[in-house]
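[1] Sequence and predicted structure, then a few things I'm wondering about:
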Number of protein chains: 2
Amino acid sequence: MPNSQPQLDRLFRALSDPTRRAVLERLSGGDAPMTELARPFRMALPSFAQHLDLLEECGLVRSDKKGRVRIYRLVPRPLKTAETWMAKRRVAWERRLDQLDTYLTDLKERTR
Amino acid sequence: MPNSQPQLDRLFRALSDPTRRAVLERLSGGDAPMTELARPFRMALPSFAQHLDLLEECGLVRSDKKGRVRIYRLVPRPLKTAETWMAKRRVAWERRLDQLDTYLTDLKERTR
């Protein structure tokens, strides 16, 4: 079956949560430690850590320990993968519409 | 809080399922009735109908009744919305990297 790629399942699921999207938005502006990432949210740190784990599992972020602090950074490649999947469907649909338009113009000219 | 748009939550959740992505892929090639869309899947029709309902609720597909048959079609605008969200994050990240690169080149020149 096409599109059963578990990678895309996980990616889109990761993106379906507003907290996780806000984290990606923050990281697109620069790397940050967990405590700073957690600050805007009214959430216990262990719950917040689960969001970061999920983002890391599907490859959207990576983390490195620097001394006692774990620094998170965005990995843009999976975003590109998901964008490409959507753009392909959208472009196929638009191309079909163009073909239909050409066909109708042609038909009008012939029947004039 | 930024990114708490429920529309994006629903959109990405809809895209996280392989059956629903396969339906969108099929519809990007042309409109189709439910029976035809359901054919590739080993799934009871009511379960399959739930997938279509979810796609329709978040605006990724629309359906019209033609006689006894309900015809489904792709709506590309929500795909574009989701693409834009991801592209913005990715581009911000890439821009930051470019700035860092310029800064380092500058620093090297000055300390030469």
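    In hand now; what should we look at?

[2] Please make it C-alpha for all contacts and neighbour counts, starting now.
    Will do.

[3] how about low-confidence regions in chain A?
    Residue ranges of chain A with pLDDT under 70: A:1-4.

[4] residues in contact with stretch A:12-24?
    Stretch A:12-24 has contacts (CA atoms under 8 Å, 6 or more residues apart in numbering or on different chains) with A:37, A:41, A:51-52, A:54-55, A:58, A:61, A:74, A:82, B:2-5, B:8-13, B:15-16, B:89.

[5] Just the CA trace of that stretch, in PDB.
    The C-alpha trace of stretch A:12-24 is given here as PDB (Å, rounded to 0.1, in the frame of the first residue of the first chain):
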ATOM      1  CA  PHE A  12       2.500  14.400  11.100                       C
ATOM      2  CA  ARG A  13       1.400  13.100  14.600                       C
ATOM      3  CA  ALA A  14       4.300  15.100  16.100                       C
ATOM      4  CA  LEU A  15       3.200  18.200  14.300                       C
ATOM      5  CA  SER A  16      -0.500  17.800  15.300                       C
ATOM      6  CA  ASP A  17       0.200  19.200  18.800                       C
ATOM      7  CA  PRO A  18       0.400  22.900  19.600                       C
ATOM      8  CA  THR A  19       3.100  22.600  22.300                       C
ATOM      9  CA  ARG A  20       5.300  20.600  20.000                       C
ATOM     10  CA  ARG A  21       4.800  23.100  17.100                       C
ATOM     11  CA  ALA A  22       5.600  26.000  19.500                       C
ATOM     12  CA  VAL A  23       8.800  24.200  20.500                       C
ATOM     13  CA  LEU A  24       9.800  23.900  16.800                       C
END
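
[6] hang on, the earlier thing: now restrict the contacts of stretch A:12-24 to buried residues only.
    Neighbour counting by 16 or more other CA atoms under 10 Å in any protein chain shown classes A:37, A:51-52, A:54-55, A:58, A:61, A:74, A:82, B:3, B:8-13, B:15-16, B:89 among the contacts of stretch A:12-24 as buried.

[7] In strands only, show me those.
    A:61, A:74 (DSSP state E).

[8] quick one: the helices in chain A?
    Here chain A has its helices, by DSSP state H, at A:6-15, A:18-27, A:34-38, A:45-57, A:76-110.

[9] Name the nearest residue to the residue nearest the centre of chain A, sequence neighbours excluded.
    The centroid of chain A falls nearest to A:Leu79 when counting by CA atoms, centre = their mean (4.2 Å). Closest residue to A:Leu79 apart from its sequence neighbours, by CA to CA, 6 or more residues apart in numbering or on different chains: B:Met86 at 6.0 Å.
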